[in-house]
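Novice: Fold the following and give me the result.
(one chain, ligands or ions: 1)
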Amino acid sequence: MSEDYVLRARRLHKEHGSDATLVRAVDSVNLDVPPGQTLAVMGPSGSGKSTLLQLLGGLQHPTNGKVWLGGERIDHLGERALARLRRTSIGFVFQAYHLMEELSAVENVELPALLAGQTPRAARRRADELLEQVGLADRARHLPSELSGGQRQRVAIARALANKPMVVLADEPTGNLDSAGTLEVLRLFEELRLAGQTLLIVTHDERVAATTDRLISMRDGRFVDDTRMTDATRPLSALLGFEG
Ligand SMILES: Nc1ncnc2c1ncn2[C@@H]1O[C@H](COP(=O)(O)OP(=O)(O)OP(=O)(O)O)[C@@H](O)[C@H]1O
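Specialist: Residues are numbered from 1 along each chain as shown. From the prediction side, this is the model:
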């Protein structure tokens, strides 16, 4: 049914609590994300953005509705299957980086490949390539505490790419960053967009949304706007020094 889409959701619904405390965090939304699309999800605090990302990434089970990743239904999978799927097919990026503080940058980046059963040599080679790609080859041996916020998030993005995920899901990836760090991460996302990486970013930052192909606005768990951007309406691409 859904091979043409990397991500697909139908009547996706998530409730918390009951009766007087009932919250419809995500209220019966439909979503189709084709391969290579980059998508920002914005909306006020509590509108359901993070819940949506977690449902799409198999971090939460929906109350109702269906989710497909690369054509495979994932909403009803058990914990083991979901854990495997998250390891092999999805790259997660979080506001707080979630790097292992006692491991160096390259050790953090090679971890997913090692967990997926690659040899240490192959995992290291891939991690070296990825650090090169995110512009941090010269920081490979540094601990996270020795890196700036923007550099840490670039390590986290390199780690998210380690297993060539079908989709990268980023939750407030610039939320902890100053302007310089934000710009570093935006440049990287722009490179990923141009390279055809499917990417969904939950964000409060309009500068992040200005780099994507599509912007969905959420309110009270629903999609209230869904806009496609073109090179002409994606102002930050030019600002970042890309041709688009
Ligand atoms: N585990 C939970 N138990 C009860 N309510 C929850 C739970 N998780 C989320 N909610 C509620 O669901 C709604 C959506 O939350 P969600 O975190 O998805 O919003 P958000 O748009 O990501 O917010 P923010 O921008 O502040 O991160 C909110 O009303 C929130 O309080």
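
Novice: Could you list the residues in contact with stretch 67-84?
Specialist: 1-3, 5-9, 12, 55-56, 58, 61-62, 65-66, 85, 89-90, 166-167 (Cβ atoms under 8 Å, 6 or more residues apart in numbering). For every residue, glycine as well, the C-beta is placed using N, CA and C.

Novice: rerun at 7 Å
Specialist: 2-3, 6-9, 12, 55-56, 58, 61-62, 65-66, 85, 89, 166 (Cβ atoms under 7 Å, 6 or more residues apart in numbering).

Novice: Buried among the residues you listed? Need that as a selection in PyMOL.
Specialist: A single PyMOL command suffices to select whichever of the contacts of stretch 67-84 are buried according to 16 or more other Cβ atoms under 10 Å:
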select buried, resi 2+6+7+8+9+12+55+56+58+61+62+65+66+85+89+166
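
Novice: From the contacts of stretch 67-84, which land in helices?
Specialist: Counting by DSSP state H, the members of the contacts of stretch 67-84 that fall within helices are 55-56, 85, 89.

Novice: could these go into a markdown table alongside distance to the ligand?
Specialist: A markdown table is the format used below for the ones in helices among the contacts of stretch 67-84 (distance: Cβ to the nearest ligand atom, whole Å):
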| residue | distance to the ligand |
| --- | --- |
| L55 | 9 |
| L56 | 12 |
| L85 | 21 |
| S89 | 22 |
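
Novice: ok, so of these, who is nearest D32?
Specialist: L56 (11.8 Å; Cβ to Cβ).

Novice: doesn't L7 make contact with the closest one?
Specialist: Yes: contact criterion Cβ atoms under 7 Å: L56 and L7 qualify, at 5.8 Å.

Novice: how much space is there between the residue nearest the centre of the chain and the ligand?
Specialist: Central residue of the chain (Cα atoms, centre = their mean): L169, 1.7 Å from the mean position. Distance from L169 to the ligand, counting by Cβ to the nearest ligand atom, to the nearest Å: 13 Å.

Novice: Okay, T211 and L77: tell me how far apart.
Specialist: Using Cβ to Cβ, to the nearest Å, T211 is found at 32 Å from L77.

Novice: now swap in F92 and tell me
Specialist: Relative to L77, and taking Cβ to Cβ, F92 is found at 17 Å.

Novice: Neighbours of D178, how many?
Specialist: 11 (other Cβ atoms under 10 Å).
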